[in-house]
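> Fold the following.
(one chain, ligands or ions: 1)
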Amino acid sequence: MASQEDLFKKIVSHCKEYGFVFPSSDIYDGLSAVYDYGQNGVELKNNIKRYWWEAMTRLHPNVVGIDSSIFMHPDIWRASGHIDAFNDPLIDNKDSKKRYRADVLIEDQIAKIEGKAEKEIDKARKRFGDSFDESLYRTTNPRVKGYLEQAEALRQRMAKALNDNDLEELRQIIIDEKIVCPISGTTNWTEVRQFNLMFATEVGSTADGASTIYLRPETAQGIFVNYLNVQKTGRMKLPFGIAQIGKAFRNEIVARQFIFRMREFEQMEMQYFVQPGTELEWFEYWKKLRLHWHYALGFPQSDYRYHDHEKLAHYANAATDIEYLMPFGYKEVEGIHSRTDFDLSRHEEFSGKKLRYYDPETKESYIPYVVETSIGVDRMFLSVLCGSYKEEQTESGETRVVLSLPPALAPVKLAVLPLVRKDGLDEKAHEVVRLLHLDFTCQYDEKDSIGKRYRRQDAIGTPYCITVDHQTLEDNTVTLRDRDTMQQERIAIAELHDLIAQRTSINTLLKKIEDEI
Ligand code: GAP
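The predicted model follows:
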């Protein structure tokens with residue numbers, strides 16, 4: 001079996017080979033941590049965004065959308081705390097001259113120690129077979145227990161240093177753990193310094209007195225500063241939400257794992273404005289509902305987990321991540337945060353404008369509390385690809401690469417294939433395309449053997465292939481091949497539209513979560 005690292009490499013090259021994701025500026029050798037989405041990638045990405053947008057705005061009559069600008073008044077970032085505190089702790093190796101995030105070096109060390117424990121557990125699993133009780137082994141085997149305790153102690157020491165903003169202690173951990181630079185192999189480290197992650201640029205010409213503005217590092221602030229505009233013009237009553245999808249930019253120093261950590265990425269964020277005192281109930285509500293949104297896609301539920309934050313940011317009174325099991329471990333895909341009235345209060349203070357909500361029931365004015373759900377489109381894209389990529393042995397002994405994408409997210413919903421390019425089968429196939437292409441992304445393919453054409457569609461995750469054969473000319477039926485089972489059913493052309501709509505519509509996903517609301 002391929003290692004998880006090999007599997008991830010295969011997924012990355014599959015993305016390039018099949019038009020999902022290309023390195024940005026490819027012909028100029030790429031630009032680090034920036035990627036472009038290809039012809040299939042953009043369709044998949046748009047479907048993910050649509051699924052999120054409709055789950056937010058259609059399933060919740062009290063959630064509305066906005067689209068705010070990327071450039072905003074610089075004082076917004078002073079108020080939000082990003083200018084002072086949106087930093088990563090960096091350290092340089094004096095020999096290789098390479099720069100690292102201090103916390104990432106320590107996290108890698110933790111992963112290394114945990115890896116040792118996992119190796120022992122794997123060995124024991126093989127040794128004991130079916131009778132193996134993993135949780136008992138984790139807590140009783142002295143060697144495994146030792147590794148896990150060591151990793152946990154290190155994690156806590158790092159969390160405390162980060163929380164206390166203690167840069168010397170972060171460096172000391174790196175020294176104590178004898179962490180070496182992966183390039184030079186030495187422990188010749190500089191001090192740890194804070195580095196702000198926002199990209200700055202200038203508006204106006206220098207002669208006019210240009211001023212520094214920032215590319216937004218999150219979309220959420222565009223929602224906060226528009227909250228009263230939307231509340232008033234939409235006559236919204238608490239609780240209500242504002243959703244937004246848009247680009248965000250962070251000057252990430254450690255850019256790796258493909259589209260997991262990018263410098264230019266997209267977020268889908270929703271701020272839910274609630275009465276003070278009710279925020280923890282709403283936090284639990286959104287925490288549960290967002291997990292169901294992920295579950296509805298049909299990947300194993302054990303591939304998701306919550307990671308509740310023990311150490312909270314000073315403005316939050318609850319926070320959790322939804323993590324997905326990528327080939328490189330469980331990783332954060334989405335965050336759900338109860339942000340109290342921090343952001344709105346700060347904007348009130350910095351703008352000098354009242355941002356109070358007048359509650360017609362209590363006849364009081366107050367600043368609402370906010371529960372936020374924030375998910376990265378690109379991370380979601382990556383999790384969907386990782387969950388869908390499969391290599392299977394067919395009965396004839398070949399390897400079939402298939403993307404078992406949730407049909408509602410698949411970039412191409414169906415392919416129409418004439419069995420041969422003669423006897424009028426190609427014309428009949430074009431007729432079928434014309435019947436369906438306005439409602440479904442559709443491909444026509446007549447090149448190569450039918451087997452090769454099926455494989456091409458499997459590789460991009462097309463859920464259905466329609467084959468037009470000689471019988472079609474006689475009775476207006478076609479074969480409909482299911483991507484996952486490879487089973488074919490004979491079906492009347494007249495029934496195709498409804499059947500495909502029913503099996504590939506985003507509504508099939510929305511219906512699954514509707515009951516949880
Ligand atoms: N408004 C809250 C906020 O921005 P965050 O945890 O910093 O919270 C939210 O980001 C989500 O945005 C993350 O869970 C992740 O999916 C995505 N994200 C953050 N930084 C990213 C990056 N550099 N590349 C890709 N996605 C990123």
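
> Where does the prediction get shaky in the stretch 1-150 of the chain?
Along the stretch 1-150 of the chain, the parts satisfying pLDDT under 70 run over 1-2.

> ok, which stretches of it are strands?
According to DSSP state E, counting those that start in this stretch, the stretch 1-150 of the chain carries its strands in the segments 21-23, 35-37, 63-65, 87-92, 99-101.

> and L325, which of those is closest to it?
With Cβ to Cβ as the criterion, L325 lies closest to strand 21-23 of the strands of the stretch 1-150 of the chain, at 20.2 Å. (C-beta placed from N, C-alpha, C; glycine too.)

> Run through who's touching the closest one.
Strand 21-23 is contacted from outside by 12, 15-16, 30-31, 34-38, 41, 258-259, using Cβ atoms under 8 Å, 6 or more residues apart in numbering.

> how about those residues in CSV, adding distance to the ligand?
Below are those laid out as CSV (distance: Cβ to the nearest ligand atom, whole Å):
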residue, distance to the ligand
V12, 15
C15, 15
K16, 18
G30, 16
L31, 14
V34, 10
Y35, 10
D36, 15
Y37, 13
G38, 18
G41, 15
F258, 10
I259, 7
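
> Give the burial count for G352, as a bare number.
Using other Cβ atoms under 10 Å, the number of residues around G352 comes to 7.

> And the one 10 residues further on, by the same measure?
Counted with other Cβ under 10 Å, the neighbours of T362 add up to 9.

> so it sits in a strand?
No - under the criterion used here (DSSP: H, G, I helix; E, B strand; the rest coil), T362 is coil, not part of a strand.

> Just the local confidence number for it, please.
With respect to pLDDT, T362 scores 91.

> Narrow the contacts of strand 21-23 to just the buried residues.
Listed as buried from the contacts of strand 21-23 are 12, 15, 35, 37-38, 41, 258-259; burial here means 16 or more other Cβ atoms under 10 Å.

> hmm, back to that, which of the strands of the stretch 1-150 of the chain sits closest to W293?
Relative to W293, the nearest member of the strands of the stretch 1-150 of the chain by Cβ to Cβ is strand 63-65, separated by 13.0 Å.

> and the closest residue to F224 other than its chain neighbours, what does it touch?
Sequence neighbours aside, D343 is the residue nearest to F224 in space, at 4.7 Å (criterion: Cβ to Cβ, 6 or more residues apart in numbering). Applying Cβ under 8 Å, 6+ apart to D343 gives the contacts 79-80, 220-221, 224, 315, 370.

> would you turn these into a markdown table with secondary structure, distance to K178 and neighbour count?
Formatted as a markdown table, the contacts of D343 follow (DSSP: H, G, I helix; E, B strand; the rest coil; distance: Cβ to Cβ, whole Å; neighbours: other Cβ atoms under 10 Å):
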| residue | secondary structure | distance to K178 | neighbour count |
| --- | --- | --- | --- |
| A79 | helix | 42 | 23 |
| S80 | helix | 38 | 25 |
| A220 | helix | 40 | 24 |
| Q221 | helix | 41 | 22 |
| F224 | helix | 44 | 24 |
| Y315 | coil | 37 | 17 |
| V370 | strand | 44 | 26 |
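
> out of those, which one sits closest to L7?
Proximity of the contacts of D343 to L7 (Cβ to Cβ) peaks at A220, which lies at 33.8 Å.

> Distance check, the closest one against the ligand.
Taking Cβ to the nearest ligand atom, to the nearest Å as the measure, A220 falls 4 Å from the ligand.

> what helix or strand is the spatially closest residue to P360 that is not a sequence neighbour on?
The spatial neighbour of P360 that comes closest, neighbours along the chain excluded (Cβ to Cβ, 6+ apart), is K237 at 7.5 Å. Assigned by DSSP states H and E, K237 belongs to neither a helix nor a strand.

> tally of neighbours for E334?
Here the number of neighbours of E334 (other Cβ under 10 Å) works out to 24.

> the bottom helix or strand of the protein by mean pLDDT?
One helix or strand of the chain scores below all others by mean pLDDT, DSSP states H and E: helix 134-140, with a mean of 89.

> Look through this protein and state the residue closest to the ligand.
G376 (2.5 Å; Cβ to the nearest ligand atom).

> So what pairs up with that residue in the strands?
For G376, the beta-bridge partners are Q267 (DSSP bridges).

> who's in contact with the closest residue in space to N251 that isn't next to it in sequence?
Once flanking residues are discounted, N251 sits nearest to L197: 5.1 Å by Cβ to Cβ, 6+ apart. Residues counted as contacts of L197 (Cβ under 8 Å, 6+ apart) are 86-88, 217, 250-252.

> when you check the ligand, which of those residues turn up near it?
Filtering the contacts of L197 for proximity to the ligand by Cβ under 6 Å from any ligand atom leaves 250, 252.

> and H314, what is it in contact with?
H314 neighbours (Cβ under 8 Å, 6+ apart): none.

> Mind pulling the model confidence for it?
So H314 comes in at 79 (pLDDT).

> what's the answer for A210, then?
Value for A210, per-residue pLDDT: 68.

> for R157, same thing?
For R157, pLDDT reads 96.

> Mind giving me the packing neighbours of the strand or helix carrying it?
Taking DSSP H and E as the criterion, R157 maps to helix 142-163. Helices and strands touching helix 142-163, by 3 or more Cβ pairs under 8 Å, 6 or more residues apart in numbering; DSSP states H and E, are helix 102-128, helix 134-140, helix 167-176.

> show me what contacts the residue of the chain closest to the ligand?
So G376 contacts 265-268, 333-334 (Cβ under 8 Å, 6+ apart).

> ok, it to E332 distance?
9 Å (Cβ to Cβ, to the nearest Å).

> and what of C181?
C181 is 26 Å from E332, by Cβ to Cβ.

> These two: which is more packed in?
C181 (20 against 15).

> where does the closest residue to the more buried one other than its chain neighbours sit relative to A318, distance-wise?
Nearest residue to C181 in three dimensions, chain neighbours excluded: N93, at 3.7 Å (Cβ to Cβ, 6+ apart). Relative to A318, N93 is positioned 38 Å away (Cβ to Cβ).

> How about S365?
Computed as Cβ to Cβ, the S365 to A318 distance reads 25 Å.

> neighbour-wise, which of those two wins?
A318 (18 against 10).

> which residue packs closest to the more buried one, ignoring adjacent ones?
Excluding the flanking residues, the one nearest A318 by Cβ to Cβ, 6+ apart is S338, at 4.1 Å.

> same deal with G424?
Sequence neighbours aside, L473 is the residue nearest to G424 in space, at 6.3 Å (criterion: Cβ to Cβ, 6+ apart).

> what's the answer for L382, then?
Nearest to L382 is I259, by Cβ to Cβ, 6+ apart, at 5.3 Å.

> No further questions, thank you.
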